[in-house]
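Student: Sharing a sequence plus its predicted fold:
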Amino acid sequence: MFRAINNKATKNLHKVKINNIDFESLGLYLEKDYIFSVPPLKEEVKEIPIPGKDGSLTKHIRYLDREFSIEFNMYETQDYYKRLSNIEYVLDCKGILTINEEQEGFQVKRWSMDNLQRGIGVNKVTINFVCEPFLANINPPR
């Protein structure tokens, strides 16, 4: 599962959950066959020059956090700000974000909401996530 999600650059996104709470139950949904690009695993390295040689030695420092955004549509509601506060409450738990019913997901470190659009028939929000570099299992072995 880990290899499959890291090697495939794009996916059709159908369901998004955080701590097994479906975003659709929060009033957010995705466009049909929303294309999601899985952020690649990046690392910070340090180049150490070797005297007398043309090349240099590469030293691994750390793996960098994964950053990505997902644009959601919102169902119509009479209490728009209460829905936003419910979404913020769930996101503040900083749990594991899973996509398409997978058993592994991204451990959320930080999040932010922007690009709020509100209108008749057009309610959208973009949620930006900063996650741990490696995937976490939602059901760890005991």
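Tutor: Nice, thanks for sending it over.
Student: I'd like the next helix or strand past the helix of greatest length in the chain.
Tutor: The residue-count maximum for a helix in the chain (DSSP state H) belongs to helix 80-92. Next along the chain after helix 80-92, taking DSSP states H and E as the criterion, comes strand 96-99.
Student: Pairing partners for that next one, with directions?
Tutor: strand 16-18 (antiparallel), strand 104-117 (antiparallel) (DSSP bridges).
Student: what sits up against the first one?
Tutor: Which is strand 16-18. By Cβ atoms under 8 Å, 6 or more residues apart in numbering, the residues outside strand 16-18 that reach it are 22-23, 28, 30, 70, 72, 90-91, 93, 95-99, 105, 108. All C-beta atoms are positioned from the backbone trio N, CA, C, and that covers glycine.
Student: For PyMOL, write a command that selects the buried ones of those residues.
Tutor: Filtering these down to the buried ones (16 or more other Cβ atoms under 10 Å) takes a single PyMOL command:
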select buried, resi 23+28+30+70+72+91+95+96+97+98+99+105+108
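Student: between the contacts of strand 16-18, which is nearest Arg62?
Tutor: Distance to Arg62, by Cβ to Cβ, is smallest for Val108 among the contacts of strand 16-18, at 18.7 Å.
Student: Can you tell me the closest non-neighbouring residue to that closest one?
Tutor: Spatially, and ignoring its direct neighbours in sequence, Val108 is nearest to Lys94 (4.8 Å; Cβ to Cβ, 6 or more residues apart in numbering).
Student: Can you list the low-confidence ranges for this structure?
Tutor: Residues of the chain that meet the criterion pLDDT under 70 lie in 1-11, 140-142.
Student: ok, which stretches of it are strands?
Tutor: Assignment of strands within the chain using DSSP state E yields the ranges 10-13, 16-18, 21-22, 28-29, 34-37, 43-49, 56-63, 66-74, 96-99, 104-117, 124-131, 136-137.
Student: Show me the strands paired with the third one, marking each as parallel or antiparallel.
Tutor: According to DSSP bridges, strand 21-22 forms sheet pairs with strand 16-18 (antiparallel).
Student: Could you measure from the spatially most distant residue from the centre of the chain over to Val45?
Tutor: In the chain, Gly52 marks the outermost C-alpha relative to the chain mean, sitting 44.9 Å out by Cα atoms, centre = their mean. Gly52 is 22 Å from Val45, where distance means Cβ to Cβ, to the nearest Å.
Student: Good, wrapping up.
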